[in-house]
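*Asks:* Sequence first, predicted model second:
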Protein chains: 2
Amino acid sequence: MEYRFARRVEALQSSVVRDILKLTQGNEIISFAGGLPAEELFPIEAVREAADRVFTEGKGSLQYGLTEGYLPLREQLCQRMAEKGMTVAPDEMILTTGSQQAIDLIIRVMTEPGDVVLVENPTYLACLQVFSFSGLRVIAVESDKDGMVMSEAERLIREHQPRMVYVVPTFSNPTGRVWSLERRKGLLDLCARYGVPILEDDPYGEIQFDINANFPTLFSLAEQAKVGGVLYTSTFSKTVAPALRTGWAMGDRSVVAMMAKAKQAADLHSSSLDQQTLDQLLRHFPLDAHIRKIADNYGARMQHMQKLLRESLPDITWVEPQGGMFLWMQLPEGLDAEALLRCAVTKGVAFVPGAPFFAEEPQRNTARLNFTYTQGEVMELGIRRFAEAVSEFVARC
Amino acid sequence: MEYRFARRVEALQSSVVRDILKLTQGNEIISFAGGLPAEELFPIEAVREAADRVFTEGKGSLQYGLTEGYLPLREQLCQRMAEKGMTVAPDEMILTTGSQQAIDLIIRVMTEPGDVVLVENPTYLACLQVFSFSGLRVIAVESDKDGMVMSEAERLIREHQPRMVYVVPTFSNPTGRVWSLERRKGLLDLCARYGVPILEDDPYGEIQFDINANFPTLFSLAEQAKVGGVLYTSTFSKTVAPALRTGWAMGDRSVVAMMAKAKQAADLHSSSLDQQTLDQLLRHFPLDAHIRKIADNYGARMQHMQKLLRESLPDITWVEPQGGMFLWMQLPEGLDAEALLRCAVTKGVAFVPGAPFFAEEPQRNTARLNFTYTQGEVMELGIRRFAEAVSEFVARC
């Protein structure tokens, strides 16, 4: 039988990141491509003990769970959020299969095909896929190192009346950008004024290198300012482990209730073994100390990668990341990073070309390098291969 | 901020089953409502050992996984499927968050809003939600105890040119119906002739009371007949445990590849802790013997429930289930099962009224009783309460 597919899925590009991840699995390519956390830092013994406690709770722990997610975990998460200035009740939160699903559900319940969503330029690739899959028109707002340019955001809101503004204000993917406080407040004002909901995606906010830095979430600023309108998503994938596949969304309870209706149809509920394991982990494991350890470690890896890049590719520029997992680089003018990738892979190193992160006109001479998955000699060898590929390319141009 | 929602989600009814499940959690109501497996039978020690083996494999087991699902589990599942006459390769299979997600993904990649899907009458409630959420027109095909009436199916295929036919041919939810071999072959012929894909949902096929019965899947019959066109979904929720939230879909690799693209956007991948745990479980635990134990146990529970119902409600009729988890009953003419439910809940017992399982004109005097979650004295007390509610109602009418 010849199968026909929905037009929107035909148009959907498979994620370059995921495809490269697939390509590099099990072979000798050093990958700066995926957004993979450092496996060495996974708290596997604590996870094992937590899972064991779940099994000890009895057979009921293997039964179907609530669509909204395991209540004790939501309660604990609400406490954690409160410590970050975000006050939510358990019925204003839903647990999802990673924050990716939280975003997909928000888009499924809040948009119609043809609606406009505004994004930073560039922005998170997998979200562009969600938007495309839901038939949205994505419009990129001119952005600099401090976030979206507010005059442009306002102009585009007036012109397009978007259904939503999607932002990653802290250690964004791919650029590592941190929005200034002024821009954060600016966007809140703007969106409150025009009645446009903000989707604040915050998977990396806790991976902050300077322990004293303070980057308040839009959600917390909205609470202080007593305006609503922010939906917030985050995940345990970077702070505990991706395999436990648990993210969450929080916001107005009307939105959460709609998401729960949609999630009933989408998958009934996410893994309750994972959710119960995380609940036990939060009770018995010093997660904040663990996150500090991860952030320090990643900060050191980032510094090491910067040093290697400065030594081997003095002409390349980037903004030093203050957190997160990615270094976003400007390659020499005219260099196409997708062609560079093909060359790099033959040399045994992978990264992600920047173009797919742009909703509209791509800057083809950009690249995203992950600094959290590799370290030490492997990172050194990888950067050496990468530098070789770049140098050859520049010589050829 | 006042949030606006997509029209399709506004229209989406929250699942009655899930809502009742929520209502009855943690209180004294005896529930015949949910499709809950017997907790007593969950192989929790084997699951614990399997999870422990995963952790012993090392920290890599907590990393991101493939969108298509953990390959060793897909390989083992392909072997299990081959034993049931269904030959598939790992790239013709995708692991999902329960079979519910498999169905949602298939619908998302293969249909456009406004497309028609044909279903049995009545059919699985949560699927009606998926169809509604995707904006499909659902048309119910007249069905009797042997499955869809073929002349009606053909008439409706010609009239509506559906994008898909959705069926649960073995121990269907809610009716427990088993399609005859003739109807199975009939539907395959029909759909091959008109080029309509079949979505065969088989969550209960292995829960078969008579060890000697043989109900071949449509997928296996299509293979024998060398016609394609069947997409098959199933799950570990009924045979191992729902908390592990792992289902699968299999079929033509073009469909599976499209589903993987959609799943990248939807949630990147399902829990890999769950998938790896199931992989270890299949290697070290005699799952087939366990399934036989479950099926025997459920068969005995079903017999017990039948006996109780015959004694207390001699005028009620049903077809004896040959497997699965549900007894589908015809209440006296004119009795509205939704009103009965409200009365039953005050007496401390819950079930699911039949009406929401009908895509078109509902038979309001029908009810679905789950016989797998309760047993012994609890089941007896529950049926006593149920019979009281029915008797009161009949007396009032």
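*Replies:* Cool, got the structure. Numbers count the residues shown, from 1 in each chain, chains lettered A, B, ... in the order given.

*Asks:* so which strand or helix has A:Arg53?
*Replies:* Counting by DSSP states H and E, the secondary-structure element that holds A:Arg53 is helix A:44-57.

*Asks:* now for the helix or strand that that helix is followed by, which elements pack on it?
*Replies:* Once the chain leaves helix A:44-57, the next helix or strand it forms, by DSSP H and E, is helix A:71-83. Counting contacts by 3 or more CB pairs under 8 Å, 6 or more residues apart in numbering or on different chains; DSSP states H and E, helix A:71-83 is packed against strand A:93-97, strand A:246-250, helix A:272-284. C-beta: built from backbone N, CA, C; applies to glycine.

*Asks:* Save these as CSV, and put in mean pLDDT and mean neighbour count too.
*Replies:* Rendered in CSV, the data for those read as follows (pLDDT from 0 to 100; neighbours: other CB atoms under 10 Å in any protein chain shown):
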stretch, mean pLDDT, mean neighbour count
strand A:93-97, 98, 28
strand A:246-250, 98, 26
helix A:272-284, 98, 24
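
*Asks:* Adding distance to chain B, write those out as a markdown table.
*Replies:* Listed next are those as a markdown table, based on distance: least, CB to the nearest CB, whole Å:
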| stretch | distance to chain B |
| --- | --- |
| strand A:93-97 | 4 |
| strand A:246-250 | 8 |
| helix A:272-284 | 4 |
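
*Asks:* Can you say which helix or strand has A:Trp328 in it?
*Replies:* Secondary-structure assignment from DSSP H and E places A:Trp328 in strand A:326-330.

*Asks:* So what's the gap between the helix or strand just after that strand and the chain middle?
*Replies:* The element immediately downstream of strand A:326-330 (helix or strand, assigned by DSSP H and E) is helix A:337-346. Helix A:337-346 has its average C-alpha position 24 Å from the chain's average C-alpha position, going by CA atoms, centre = their mean, to the nearest Å.

*Asks:* and what of stretch A:122-137?
*Replies:* Its chain's C-alpha centre lies 13 Å from the corresponding centre of stretch A:122-137 when counted by CA atoms, centre = their mean.

*Asks:* quick one: furthest residue from the center of chain A?
*Replies:* Distance from the C-alpha centroid of chain A, by CA atoms, centre = their mean, peaks at A:Met1 (38.7 Å).

*Asks:* Pretty sure that residue sits against B:Tyr194.
*Replies:* No. Using CB atoms under 8 Å, A:Met1 makes no contact with B:Tyr194, being 10.4 Å away.

*Asks:* Around chain B, which positions in the stretch 151-300 of chain A sit nearby?
*Replies:* Applying the criterion CB under 8 Å from any CB of the partner chain, the portion of the stretch 151-300 of chain A that neighbours chain B consists of A:163, A:192, A:195, A:197, A:227-229, A:237, A:241-245, A:252, A:254-255, A:258, A:260-262, A:264-274, A:276-277.

*Asks:* Pull out the buried members of these.
*Replies:* Burial by neighbour count, judged by 16 or more other CB atoms under 10 Å in any protein chain shown, picks out A:163, A:192, A:197, A:228-229, A:237, A:241-245, A:252, A:255, A:258, A:260-262, A:264-274, A:276-277 from those.

*Asks:* Let me know the next secondary structure element after the least confident helix or strand in chain A by mean pLDDT.
*Replies:* Every helix and strand of chain A was ranked by mean pLDDT, DSSP states H and E. The lowest is helix A:16-24, at a mean of 62. The helix or strand immediately downstream of helix A:16-24 is strand A:30-31, counting by DSSP H and E.

*Asks:* Could you pull up the mean pLDDT of the top helix by length along chain A?
*Replies:* When secondary structure is assigned using DSSP state H, the longest helix within chain A turns out to be helix A:287-312. If you average the pLDDT over helix A:287-312, you get 98.

*Asks:* Give me the distance from it to the chain's centre.
*Replies:* 18 Å.

*Asks:* Which elements pack onto it?
*Replies:* Using 3+ CB pairs under 8 Å, 6+ apart as the contact definition, the elements that helix A:287-312 packs against are strand A:326-330, helix A:376-396.

*Asks:* let's see 10 Å
*Replies:* For helix A:287-312, the helices and strands in contact under the criterion 3 or more CB pairs under 10 Å, 6 or more residues apart in numbering or on different chains; DSSP states H and E are helix A:71-83, helix A:272-284, strand A:317-318, strand A:326-330, strand A:366-370, helix A:376-396.

*Asks:* buried sites along it?
*Replies:* Applying a neighbour-count criterion of 16+ other CB under 10 Å, the buried positions in helix A:287-312 are A:287, A:290-291, A:294-295, A:297-299, A:301-302, A:304-305, A:308-309, A:312.

*Asks:* Return the member of those residues nearest to B:Val149.
*Replies:* Comparing these against B:Val149 with CB to CB places A:Leu287 closest, at 58.3 Å.

*Asks:* Report the separation between that closest one and A:Ala50.
*Replies:* As judged by CB to CB, to the nearest Å, A:Leu287 and A:Ala50 stand 11 Å apart.

*Asks:* sorry, back to before: which residues are in contact with each of A:Met1 and B:Tyr194?
*Replies:* By CB atoms under 10 Å, 6 or more residues apart in numbering or on different chains, A:Met1 and B:Tyr194 have these common neighbours: B:Gly229.

*Asks:* ok but A:Thr233 is inside a helix, no?
*Replies:* No. Assessed by DSSP: H, G, I helix; E, B strand; the rest coil, A:Thr233 does not belong to a helix; its assignment is strand.
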